[in-house]
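S.K.: Need a 3D model of the sequence below.
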Amino acid sequence: MPQDFDVIIIGSGAGGGTVAYTLADTGKKILILEQGSFLPRETRNWEPSFIFGEDGYKADTTWEGPDGETIKPIVYYNVGGNTKMYGALLHRQRPEDFEEQQHKGGVSPAWPVGYDEFEPYYMMAEHVMKIHGTRGEDPTAGWSSGPFPFKAFPHERRIQEVADRLTEMGLHPHHSNLALNRDIDEPWRRPCIACNTCDPFPCMVHAKSDAETALVRPALKHPNVTLWTGARVEKLIEENGKIVRIEGTRDGEPMSLSSDLVVVSCGAIQTAALLLRSRVANSSDQVGRNFTKHNQSGISAMDYSNPNDTIFQKTLGVHDFYHGSPEHPYPLGTIQLTGKAHWTRIMGDYAFMDIKEERAREVQKYAVDFWFTSEDLPDANNRIEWTDKGIKFNYRPNNRESHFEFLDHFQEKYLRPQGFTDFMRSTKELEFTWHQAGTAQFGTDPKKSVLDTNCKAWDLDNLYVVDASFQPSQGATNPTLTIVANAIRVAEHLRKDWFASDGVSLEDYPLSDGYMADSAAANIEVPVFRSGDDDSWGA
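M.R.: As a prediction, this is how the structure comes out:
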């Protein structure tokens, strides 16, 4: 029986967008299904009061927490997924992250493949995502087969002062690896304007390498690739070891589709929920288990004698403590700067302190905003379940003792001695699932993992998963670059084994394409405009 499509990709985020981009030139009939719509291009993209307000662009959804509480997660259902709002700072995992690591709170497991296998795909990912940086600055970085495609963003005055002091103290601060479409020497050539709305705002000028702009839109230039918005997949139907039908709704109407190949990329939480409610790919009883989300905290550090007038702050990182310190014989994590925090964001971050507007404005004036990420460890009890109420989010943080030691160590040994005298801290709790991973791990044993090393479901011949669900661990790096690299790796396998096509190389991910979203002659099917609709829909 003929199929409706050769490939159906469920989800248009980093993983799904990368597979579409990498398969687009095969001529195969490819459909991307996205339950959300295009994020509007409008002045509210850059309004802090809206972005950090109660609703913003956040999805209207709730989950049940581990103790029965209601969680309102900060997630986004748009073309491009959560990357539309991400900070665009993309790291490789360290070589040691692919190996078993002993932490203070337990063990981070080894991967079934190593860093060396991922390295060429990391190079391709850095090219397609337009990464800026300088090789050799970060002492923990793994080997690389080439330079970053773009020069690093320079520090502004206040951040350069901080970097210089950290260097004097014996650390190795490096320039952040940013996924932005900017030419540092001739900035008029590319759209990025290095503004103060990069984290966590959507980019109004399409200069951020989010999944829509960098991956989905270029894929849609190929006439064989189509995107449906408003298409929610409810269930995958299995027969004889294959997914034979995809059921759901499109613009509220029933939808039933078939495809030779099904690629799932809904994010670790929603992917687990889809597989669980479909009752597929779970002979190992591992679907939904071993969820990780990172331990993450911010420190706003104030030196009241030195205002921070930085506009584009997110240029500095410190990885010296990735594997520990002389005082800590276990991994601690990464430090990076966030975008310069607007007072409305400060009021949200420190709402638990009952902070007032006057104080928030003072913090905005003087603070340098540091962000700390430490690894949380996979635990089979930290799991996603699907119930008659929807998603049950059974997650309890772990490996936090070393995370808080990390904050104390850096604050007292490296921030206070350089003149910072006042500090405010915020640790992100259950509603923050920006770095979700691990609910459908890949491995070599079908009894202990959901996917094989090519990210194909052990139980099914035609189902692949390409979001961060596959990761046995996360290290302490931002996960998007690893998602993109792995999706290129999986897509190359599909090209060769499914379509008898050639592989991929760095040349398939060119730097010359400015990829402004407006330039895509895209095969997109969106709801019909109705009177009163925002006229910027899909811009």
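S.K.: just for the stretch 101-250 of the chain, where's the confidence low?
M.R.: Along the stretch 101-250 of the chain, the model assigns pLDDT under 70 to no residue.
S.K.: Tell me who's in contact with the nearest residue to Tyr330 once chain neighbours are set aside.
M.R.: Closest residue to Tyr330 apart from its sequence neighbours, by CB to CB, 6 or more residues apart in numbering: Lys104 at 4.5 Å. All C-beta atoms are positioned from the backbone trio N, CA, C, and that covers glycine. Contacts for Lys104 (CB atoms under 8 Å, 6 or more residues apart in numbering) come out as 328, 330, 399, 401-402.
S.K.: Format those residues as a markdown table; extra columns: neighbour count, secondary structure and distance to Asp116.
M.R.: Shown next, in a markdown table, are the contacts of Lys104 (neighbours: other CB atoms under 10 Å; DSSP: H, G, I helix; E, B strand; the rest coil; distance: CB to CB, whole Å):
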| residue | neighbour count | secondary structure | distance to Asp116 |
| --- | --- | --- | --- |
| His328 | 15 | strand | 28 |
| Tyr330 | 16 | coil | 25 |
| Asn399 | 22 | coil | 27 |
| Glu401 | 13 | helix | 33 |
| Ser402 | 20 | helix | 28 |
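S.K.: Leu377 looks like it's in a helix, true?
M.R.: No. Assigned with DSSP: H, G, I helix; E, B strand; the rest coil, Leu377 falls outside any helix and is coil.
S.K.: got the contact list for it?
M.R.: Neighbour list for Leu377: 103, 105-108, 292, 398-399, 473 [criterion: CB under 8 Å, 6+ apart].
S.K.: Tell me the one among the contacts of Lys104 nearest to Pro479.
M.R.: Asn399 (16.6 Å; CB to CB).
S.K.: Quick one: residues contacting the closest one.
M.R.: 103-106, 295, 374-377.
S.K.: for the protein, what's the longest helix?
M.R.: helix 480-497 (DSSP state H).
S.K.: average pLDDT for it?
M.R.: In this model, helix 480-497 has a mean pLDDT of 98.
S.K.: I'd like to know which of the contacts of Leu377 are buried.
M.R.: Neighbour-count burial (16 or more other CB atoms under 10 Å) applied to the contacts of Leu377 gives 103, 105, 108, 292, 398-399, 473.
S.K.: export those residues to CSV and tack on secondary structure and distance to Arg383?
M.R.: Formatted as CSV, the buried ones among the contacts of Leu377 follow (DSSP: H, G, I helix; E, B strand; the rest coil; distance: CB to CB, whole Å):
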residue, secondary structure, distance to Arg383
His103, strand, 20
Gly105, coil, 18
Ser108, strand, 18
Thr292, strand, 11
Asn398, coil, 13
Asn399, coil, 17
Ser473, coil, 16
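S.K.: Out of those residues, the closest to Tyr304 would be?
M.R.: Within the buried ones among the contacts of Leu377, the smallest distance to Tyr304 is 34.5 Å, found for Asn399 (CB to CB).
S.K.: And Thr61, how far from Ala231?
M.R.: For Thr61, the distance to Ala231 (CB to CB, to the nearest Å) stands at 17 Å.
S.K.: what about those two, which has more around it?
M.R.: A count of neighbours by other CB atoms under 10 Å puts Ala231 above the other of Thr61 and Ala231, at 22 against 13.
S.K.: Quick check, that one in contact with Ile246.
M.R.: No. Applying CB atoms under 8 Å, one finds Ala231 not in contact with Ile246, separated by 9.5 Å.
S.K.: Give me the common contacts of those two.
M.R.: Contact criterion CB under 8 Å, 6+ apart; residues shared by Ala231 and Ile246: 33, 255.
S.K.: give the contact list for the most centrally placed residue in the chain.
M.R.: The residue lying closest to the centre of the chain (CA atoms, centre = their mean) is Thr480, at 3.9 Å. The contact partners of Thr480, by CB under 8 Å, 6+ apart, come to 14, 83, 86, 90, 129, 179.
S.K.: Okay, it and Gly252: tell me how far apart.
M.R.: Taken as CB to CB, the span from Thr480 to Gly252 is 31 Å.
S.K.: Quick one: the helices in this protein, in order.
M.R.: Using DSSP H, helices in the chain cover 14-23, 48-51, 115-128, 157-168, 211, 217-219, 268-278, 343-349, 357-366, 400-410, 480-497.
S.K.: For Leu236, find the nearest of the ones you listed.
M.R.: Closest of the helices of the chain to Leu236 is helix 268-278, at 4.1 Å (criterion: CB to CB).
S.K.: What backbone torsions are found at the closest residue to His294 other than its chain neighbours?
M.R.: Closest residue to His294 apart from its sequence neighbours, by CB to CB, 6+ apart: His435 at 4.4 Å. With angles defined as degrees, to the nearest 10, His435 sits at phi -110, psi 50.
S.K.: Name all residues that make contact with His435.
M.R.: His435 is in contact with 292-294, 296, 373, 468, 474, 478-479, counting by CB under 8 Å, 6+ apart.
S.K.: got those as CSV, with distance to Val79 columns?
M.R.: CSV is the format used below for these (distance: CB to CB, whole Å):
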residue, distance to Val79
Thr292, 26
Lys293, 24
His294, 25
Gln296, 26
Thr373, 27
Ala468, 19
Gln474, 25
Asn478, 21
Pro479, 20
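S.K.: right, and out of the residues you listed, which lies closest to Met124?
M.R.: Checking the contacts of His435 against Met124 with CB to CB, the nearest one is Pro479 at 16.8 Å.
S.K.: What about that closest one, how many residues nearby?
M.R.: Using other CB under 10 Å, Pro479 has 26 neighbouring residues.
S.K.: That one against Gln471, yeah?
M.R.: Yes. Contact criterion CB under 8 Å: Pro479 and Gln471 qualify, at 7.3 Å.
S.K.: overlap in contacts of these two?
M.R.: By CB under 8 Å, 6+ apart, the residues touching both Pro479 and Gln471 are Ala437.
S.K.: hmm, back to that, neighbour-wise, give me the winner out of the contacts of Thr480.
M.R.: For the contacts of Thr480, neighbours tallied by other CB under 10 Å; top is Ala14, 33 neighbours.
S.K.: so how far is Leu215 from that one?
M.R.: Relative to Leu215, and taking CB to CB, Ala14 is found at 7 Å.
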